[in-house]
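Undergrad: Sequence and predicted structure, then a few things I'm wondering about:
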Amino acid sequence: MDYLREYFSWLFGEIGDFLTNATTTPHKLTLMVVVILLFVLVMGGILFAVDKPKRVPRWAVTAGFVGPAILAVLFGLVYPAIQTMITSTQNRNGTEFVGIDNYITAFTNPQFQVVLRNTALWVILVPIVSTFIGLVYAVLVDRTRFERLAKTLIFLPMAISMVGASIIWRFVYEFRPAERPQIGLLNQLLVLLGLDSQQFTLNPPTNTFFLIAVMVWIQTGFAMTVLSAAIKAIPDDIVEAARLDGLSGARMFRYITVPSIRPALVVVLTTIAMGTLKVFDIVRTMTGGNYQTSVIANEFYTQSFRINEQGLGAALAVILFVLVIPLVVYNIRQMRLAEEIR
Amino acid sequence: MTTTPLPPQGVAAREPGETAPEGAGSGRRNGLQRRASIATKKLSSPWASLIAVVIALLWTTPTIGLLVTSFRPEIDIRSTGWWTIFSNPSFTTANYEQALFGGSQSLWTDLINTIVITLPAVVIPISIALLAAYGFAWIDFKGRNFLFVAIFALQIVPIQVTLIPLLTTYVDLGINGTFWSVWLSHTMFALPLAIFLLHNFMKDIPPSLVEAARVDGAGHVKIFFRVLLPLLVPAIASFAIFQFLWVWNDLLVALTFASGLPNVRPLTVRIAELVGSRGGDWFLLSAGAFVSMIVPMLVFLFLQRYFVRGLLAGSVKG
Amino acid sequence: MRINSRRRSAAVAGGLGLVLALTACMPGDDEGTEGGGGGEAAGSEECEPFEQYGDLGGTTVSVYTSIVEPESVDQEESYDLFEQCTGATIQYEGSREFEAQLLVRIQAGNAPDIAYIPQPGLLQTIVRDNPDAMVPAPDETEANVDEFFAPSWKEYGTVDGEFYAAPLGANMKSFVWYSPQMFADAGYEIPETWDDMIALSDQIVADGGKPWCAGIESGDATGWPATDFVEDVVLRSAGEDVYDQWVSHEIPFNDPQIVEALDEVAGILKNPDYVNAGFGDVTTIATTPWTDGGFPILEGECWMHRAANFYQNQWPEGTEVAEDGDVFAFYLPSMTEGTQPVLGGGEFVAAFDDRPEVQAFQTYLSSDHWANEKAKMTEAGGWVSANSGLDVENLATDFDKLSSTILASPDAVIRFDASDLMPGAVGAGTFWTEMVNFFALDKSSQEVADAIEASWPAS
């Protein structure tokens, strides 16, 4: 027995070391492959176990399919969310219960009111503008000779990290006085037109719009890609029939294209809206939340981790949850609707 | 942005002449041909082309600016605009040299780390999400709708709030600062969106296909692998791209869970540090951003063809 | 389908094999193989001072800091001797997200062994909010600090009477950068008093120039360079006693003396005749990167730029920092004769574990031995310490020697950067953001002071 125990502790030690302490490149790559295989094996095992239609009860089948996902989100998202709600009712370092004090601060302090207003602007503008541009562009380049190149160009910003994006836009917005050589492209254009150069990221409230433009620039590629696929999926007979009815151009777009891809539109709008609510990197790297440009996600990080006001930070995060509820409800309605049609 | 910039097309005027009643079955090929002919007309419509070109230019110019900037000497970057390079050319690869080889550790290690982080962080959540999406779409069970909506709603949890609770657990498990914590985190964060999107695609598959298989005595596992999975390849490819981009470009998760240790830290962490303790070397980011962009661009170019064609094939109901 | 997928997986495996083969011979993987050997590696004479720490072979100390490359290279090199002689391994990690990530890690129970904390205010917050996280400094460290550092420096590392953290490096912030050449050509003298400096500014304006340039943009820490300017002025106009009361909130932030100091700052930085040379109007101060703020001096457009000693490393490559070079700095003059107020800063070595190797490293870092070692390793300059055991001759540049001399001067009244001492909500929050508003939105001194006072945490 002792021998066995020793052997196993040695074995687990070795395995543990292999799994958690990869230092060389071959080791890392092997680990990566092993992990993927291991994962596939485990999932395969679960599926194999529930793949006996007669003998396995239905709940087991269901658990086999849905269980892993539910466990993962319970641990990774639900538990932290509940934790955050609890923290939001406590003081800055969690030693005292303060009820809704943090929420009162968040809603009454002018600094946070600006944050809430900005967040609303982001969530409304980014999805609508990027979906609109993405859709128009997808329609315009659909089935043209340059379609692939054209789509790649718009998709390009998606491949750039937020840190990269912020430096890219620095060379667009950078300010220099009109009489000096410009570094920012936009100001160069203004100067060429004989206007004064502008401090795009400095002056509220317009600076928020210039930050939003960056997010739109990134997200349009997503909208365009998904919507383009949806447009291509519109059955030909519908297009044909509409054309026979004399529809074309803008009216075709309005009455055929848009309604046909409505489900895809909803998905795109929601996904971008959700992503926008959590936007953090752009604001953080471009203005650091200064000049009245902060949004909730950025303010949460600042309050919780830099200023160490955890209660207030958590309250801001909970407000963020609540703000999204309408979006969720709308989506559920849409899903129900789609199911009824089907 | 409020006007609807749509082209007044000449299509309608010419169309009646060539349309003839067609059967639904034979219509597809002819329809494609017709669309192809429309396409050439569309190009000749000046407004459509103009708008497309303007959008494309607006979207690419900033990136081109950065590309040009990344090859300029530091003093030029700080004092003049990148467009002056056309009238006054001066190129250097110094930024790339410093970004790639300036540190005490070769950038290769960081690149390998990023790859080791990214692949499992794409494969694992997609697999779990596929199974769950199938469960929600095609298995009838109590509380199905509620659970699905709940998972969908979890998209709203910002990653920032999970940092401390998750890291605490990882520390207890002893896996903080390893690849495991990063893989796990990316998997959990990706699931709500992945399940939501894949579920939508699954729902689009004609129920008759599933029914037919069921009548043949196939269980859920068989249906999933034999009937649905092949049809879902395009959907998987498109989500894989987005998950890939997200993980590849992620900074916050890696920073918190992988810690900045050289053995685990990905490229993004390294590049963010390029600017130096006090941010003085920000111009190096121009080169750094391009280095980290290369792989995602290749992946997109490779998968784009795959998934757009795939989506087309999958959508033809027949 | 099945055949197809098998072929595909074979292709993937093949591809991976190729990657494995390719990467197997890549450089950069041999991290961590050195330093495990223990004692005898270096010459025994060099190792003599390390005998007090004993044999630490096989142990590891993790260090987390805000110092990243390139500065971290010298920092890490200065540990080499310690590693060779004791056998301990120092695992260094620098991050620009240090302040936020340190709090995350402490709360998650994942604190590093040692962290270099640049703000005494943050040190206090951590000790008070997480009572079990940080461990007091060992007696040997305290003895070193008593021997080599002024009492005020020890005070900054002390919380509620308990000594936690020894000072590491130091910053000397009361400098004004200028171009010796430009001054010589124009016949200007380096001002000895505050009034001289203002008179010089007016002279420059009269001669058709713009005297001052500044930039306070610094990512998510935007605003801090302006707080330094305010602190320097408070120290000069109100004196060090008021400064101390201001920091500890014994007087409110909007006390008339502080508002007055803000007005004095506004007299320079919000004076459209004085600023912002080379950048534009007053508001450009808010958006100009701090790192670029002094560059117009090189182009001959700006005359004076107030910035700390570490601005030395911000000048573009090839700039000569010397009294007869391209740029140099003079001491920001005092307002009253006979006093020499100095605004300083620095990092403090906090430990979150009391293993012997951690304590040994802590003690080493507080010694004169390390300070000199670090000075020798910092070949490009840009590092000084308040450690009195530091031999000034070991410092790399004349400018570092100047900084060090001022810091060590018996006349100097050194006060630590106030924003680093104040509670985080102010010192890393509203003080920064309101200074941004001071320039960007043209808020008045009174409004700024009132807003900061309103944000001061109640407890």
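TA: Received it, and whenever you're ready, just let me know what you need.
Undergrad: Show me where the chain dips below the pLDDT cut-off.
TA: Reading this off chain A. Scanning chain A for pLDDT under 70 picks out A:1-2, A:4, A:8, A:11-12, A:52-55, A:338-342.
Undergrad: nope, chain C
TA: Looking at chain C by pLDDT under 70, you get C:1-43, C:459.
Undergrad: which SSE is the one residue sitting closest to the centre of chain A in?
TA: The centroid of chain A falls nearest to residue A:275 when counting by Cα atoms, centre = their mean (2.5 Å). Per DSSP states H and E: residue A:275 is located in helix A:262-277.
Undergrad: Can you give the distance of that helix from its chain's centre?
TA: 10 Å (Cα atoms, centre = their mean, to the nearest Å).
Undergrad: So which bits of that helix are buried?
TA: For helix A:262-277, burial by neighbour count (16 or more other Cβ atoms under 10 Å in any protein chain shown) applies to A:263-277. C-beta coordinates here come from the backbone N, C-alpha and C atoms, glycine included.
Undergrad: of all the residues in the stretch 101-250 of chain C, which ones are close to chain B?
TA: Counting by Cβ under 8 Å from any Cβ of the partner chain, the residues of the stretch 101-250 of chain C close to chain B are C:101, C:104, C:105, C:107, C:108, C:109, C:110, C:218, C:219.
Undergrad: next one: phi and psi at the second one?
TA: The phi and psi torsions at residue C:104 (degrees, to the nearest 10) take the values phi -60, psi -50.
Undergrad: give me the number of residues near it?
TA: Residue C:104: 20 surrounding residues under other Cβ atoms under 10 Å in any protein chain shown.
Undergrad: repeat for the fifth one
TA: Residues lying near residue C:108 (other Cβ under 10 Å) number 21.
Undergrad: Which residue is the nearest non-sequential neighbour of it?
TA: Once flanking residues are discounted, residue C:108 sits nearest to residue B:167: 3.5 Å by Cβ to Cβ, 6 or more residues apart in numbering or on different chains.
Undergrad: Restricted to helices, list the residues of the stretch 101-250 of chain C next to chain B.
TA: C:101, C:104, C:105, C:107 (DSSP state H).
Undergrad: Dump the residues you listed into a markdown table; add distance to residue B:66 as well.
TA: Formatted as a markdown table, those follow (distance: Cβ to Cβ, whole Å):
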| residue | distance to residue B:66 |
| --- | --- |
| C:101 | 28 |
| C:104 | 31 |
| C:105 | 33 |
| C:107 | 37 |
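Undergrad: any idea which of the residues you listed is closest to residue B:139?
TA: Distances from residue B:139 to those, taken as Cβ to Cβ, are shortest for residue C:104 (39.5 Å).
Undergrad: Touching, the closest one and residue B:167? I think so.
TA: Yes: counting by Cβ atoms under 8 Å, residue C:104 touches residue B:167, with 6.4 Å between them.
Undergrad: what do these two both touch?
TA: Common neighbours of residue C:104 and residue B:167 (criterion: Cβ atoms under 8 Å, 6 or more residues apart in numbering or on different chains): residue B:256.
Undergrad: Could you tell me how many residues sit around residue 149?
TA: Looking at chain A here, since you left the chain open. Neighbour count of residue A:149, defined by other Cβ under 10 Å: 11.
Undergrad: wait, chain C
TA: Counted with other Cβ under 10 Å, residue C:149 comes out at 22.
Undergrad: Would you mind confirming that it makes contact with residue C:170?
TA: No: contact criterion Cβ under 8 Å: residue C:149 and residue C:170 do not qualify, at 9.6 Å.
Undergrad: shared neighbours of these two, which are they?
TA: Joint contacts of residue C:149 and residue C:170 (Cβ under 8 Å, 6+ apart) are residue C:386.
Undergrad: so what's whichever residue of the stretch 51-200 of chain C sits closest to chain A closest to, chain neighbours aside?
TA: Nearest to chain A in the stretch 51-200 of chain C, going by Cβ to the nearest Cβ, is residue C:100, at a distance of 3.6 Å. Spatial nearest neighbour of residue C:100, chain neighbours left out: residue A:305 (3.6 Å); criterion: Cβ to Cβ, 6+ apart.
Undergrad: and the one you found, what is it in contact with?
TA: By Cβ under 8 Å, 6+ apart, the residues touching residue A:305 are A:313, C:99, C:100, C:101, C:103, C:104.
Undergrad: Scan the residues you listed and report the most crowded one.
TA: Neighbour-wise, the contacts of residue A:305 (other Cβ under 10 Å) top out at residue A:313, 28 neighbours.
Undergrad: Give the helix, strand or coil label for the closest residue in space to that residue that isn't next to it in sequence.
TA: Leaving aside its sequence neighbours, residue A:313 sits nearest to residue A:304 (Cβ to Cβ, 6+ apart; 3.3 Å). The three-state label given to residue A:304 by DSSP: H, G, I helix; E, B strand; the rest coil is helix.
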